[in-house]
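*Asks:* with the input below, show me the fold.
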Amino acid sequence: MRLAAFGDPKYPAVSKELVQRIPNAEVRSAVRDGWSTRGLGRRKIPCRRAKEGVPVMSDWTPREFTVGLGGAAAALAWPLRAAAPSTKIRPSVFGGIQVGVQSYTFRTFTFEKMIAAMRSVGISSLELWGDGKAHPLHPMRQSEADYKKVRALLDEAGITASAYCTNFPNTVTEDYLDRAFTGCGLLGAKVLTTSCEKSIMDKLDQWAQKYKVKVGLHNHWNVDGWFIQAKMDPKANFESPEDWAEAFKGRSEWLAINLDMGHFSASGRDPVAFFKDNHRRIVSIHIKDRAGDAEHTNKPFGQGVAPITAFCKAMKEVKFAYAANLEYEIDENDPTEGVRASFEYVKKALA
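*Replies:* As a prediction, the model looks like this:
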């Protein structure tokens, strides 16, 4: 690869000021002396001509550009299209749909381990569930400083928090709500998702309007084994379209739907038809596959009966504007490979 050099007639000159701001000594020398680094990179970056005094280098590689000119580009606001650091995850958007993951999937992972897994798979969007033990971010147990630290970790990796998930008790206080909605904002999320009961809808609506944050109410299949074991009240929780309609009656549109299409399918309902009719009120999707047996066992994507492919086509058709989050509940000790296979399955469905 040929780098622009002083006095080279094939390339515009590089200013001395720019060269001195290049942090990497080898690349700085290469730019100054016209040194050839052919073979160091693997693919090319198409760059456009900038202002006078900035070199045209149509065959710079991502690593050479990032390592060699990252500091100078930031200092001089160099208008190149390929200026993103190579360590950040590329946006996981396919068919116009943001594909993410619900962090309950990685419920046994620390934040660092989860981010490493997401980087390995290539997922750039996260619905962050904060109520677990391995990567906790709970409104009443963690501080604002903790939220900021997590935000910094996500930013460094190129991960966007599409939503913050925390489950509110019926006894939720004003302080609890303030801390939760503030934490959501500190993460940069515009959506808060929650599994809760209908008795707190007035409070949730009031705080959602106060903070201008959409609240996605999450559904379950109310005869799941864990639901029965916990002795939860089916009438107080969310499973059917009628449950959401009851919660929304007389309240603002800041209350919305977090549709778990796998649970919805397990309950004997059609998630594709419901999505088509209600996508304007849906602010978060959980994608999972469940079997057709009596327990509707969680399955690897494509091995159950949940209509994942048809659902993805429906999202693409309406240009769904929020995140579609993989929620892979199998292999909790290390779901990484299962998530990778699920990610590829959804990408193919959205192609």
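
*Asks:* pull the CA atoms of stretch 275-288 into PDB?
*Replies:* Output in PDB follows, covering the C-alpha atoms of stretch 275-288 (Å, rounded to 0.1, in the frame of the first residue of the first chain):
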ATOM      1  CA  PHE A 275     -47.800  -7.600  15.900                       C
ATOM      2  CA  LYS A 276     -49.300  -6.500  12.600                       C
ATOM      3  CA  ASP A 277     -52.400  -5.000  14.400                       C
ATOM      4  CA  ASN A 278     -50.500  -3.400  17.300                       C
ATOM      5  CA  HIS A 279     -46.900  -2.700  16.200                       C
ATOM      6  CA  ARG A 280     -47.400   1.100  16.800                       C
ATOM      7  CA  ARG A 281     -47.800   0.400  20.500                       C
ATOM      8  CA  ILE A 282     -44.900  -2.100  20.800                       C
ATOM      9  CA  VAL A 283     -41.600  -0.700  22.000                       C
ATOM     10  CA  SER A 284     -39.600  -3.800  22.500                       C
ATOM     11  CA  ILE A 285     -39.600  -7.400  21.200                       C
ATOM     12  CA  HIS A 286     -38.400 -10.600  22.800                       C
ATOM     13  CA  ILE A 287     -37.700 -13.400  20.300                       C
ATOM     14  CA  LYS A 288     -37.600 -16.900  21.500                       C
END
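
*Asks:* which parts of it are buried?
*Replies:* Buried residues in stretch 275-288, counted by 16 or more other Cβ atoms under 10 Å: 275, 279, 282-288. For the C-beta atoms, the positions are set from N, CA and C on the backbone; glycine is no exception.

*Asks:* quick check, nearest of those to Gly225?
*Replies:* Distances from Gly225 to the buried residues of stretch 275-288, taken as Cβ to Cβ, are shortest for Lys288 (15.9 Å).

*Asks:* just send the buried residues of stretch 275-288 back as JSON lines, with secondary structure, pLDDT and distance to Arg107 too.
*Replies:* As requested, these are exported to JSON lines (DSSP: H, G, I helix; E, B strand; the rest coil; pLDDT from 0 to 100; distance: Cβ to Cβ, whole Å):
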{"residue": "Phe275", "secondary structure": "helix", "pLDDT": "98", "distance to Arg107": "26"}
{"residue": "His279", "secondary structure": "helix", "pLDDT": "98", "distance to Arg107": "28"}
{"residue": "Ile282", "secondary structure": "strand", "pLDDT": "98", "distance to Arg107": "24"}
{"residue": "Val283", "secondary structure": "strand", "pLDDT": "98", "distance to Arg107": "22"}
{"residue": "Ser284", "secondary structure": "strand", "pLDDT": "98", "distance to Arg107": "18"}
{"residue": "Ile285", "secondary structure": "strand", "pLDDT": "98", "distance to Arg107": "19"}
{"residue": "His286", "secondary structure": "strand", "pLDDT": "98", "distance to Arg107": "14"}
{"residue": "Ile287", "secondary structure": "strand", "pLDDT": "98", "distance to Arg107": "17"}
{"residue": "Lys288", "secondary structure": "coil", "pLDDT": "98", "distance to Arg107": "14"}
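
*Asks:* Tyr328 looks like it's in a strand, true?
*Replies:* No: the assignment for Tyr328, made by DSSP: H, G, I helix; E, B strand; the rest coil, is coil rather than a strand.

*Asks:* residues in contact with it?
*Replies:* By Cβ atoms under 8 Å, 6 or more residues apart in numbering, the contact set of Tyr328 is 101, 105, 288, 301, 335, 338-339, 342.

*Asks:* quick one: which of those residues is most hemmed in?
*Replies:* Using other Cβ atoms under 10 Å as the neighbour test, the contacts of Tyr328 are led by Val101, with 32 neighbours.

*Asks:* okay, now the sheet partners of the helix or strand harbouring that one, with direction.
*Replies:* In the assignment (DSSP states H and E), Val101 maps to strand 97-102. Within its sheet, strand 97-102 is paired with strand 93-94 (antiparallel), strand 125-129 (parallel), strand 324-326 (parallel), according to DSSP bridges.

*Asks:* could you dump those into CSV and include distance to Tyr176, mean pLDDT and mean neighbour count?
*Replies:* Converted to CSV, these look like this (distance: least, Cβ to Cβ, whole Å; pLDDT from 0 to 100; neighbours: other Cβ atoms under 10 Å):
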stretch, distance to Tyr176, mean pLDDT, mean neighbour count
strand 93-94, 34, 98, 16
strand 125-129, 17, 98, 27
strand 324-326, 24, 98, 26
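
*Asks:* contacts for the strand holding Val101, please.
*Replies:* By Cβ under 8 Å, 6+ apart, the surrounding residues in contact with strand 97-102 are 91-93, 118, 123-127, 129, 162, 165, 286, 312, 315-316, 320, 322-328, 339, 343, 346-347, 350.

*Asks:* between that strand and strand 282-287, how big is the angle?
*Replies:* Going by axes from the mean of the first three to the mean of the last three Cα atoms, to 10 degrees, strand 97-102 is angled at 70 degrees with respect to strand 282-287.

*Asks:* and strand 97-102, how far out from the chain's middle?
*Replies:* From the chain centre to the centre of strand 97-102 is a distance of 5 Å (Cα atoms, centre = their mean, to the nearest Å).
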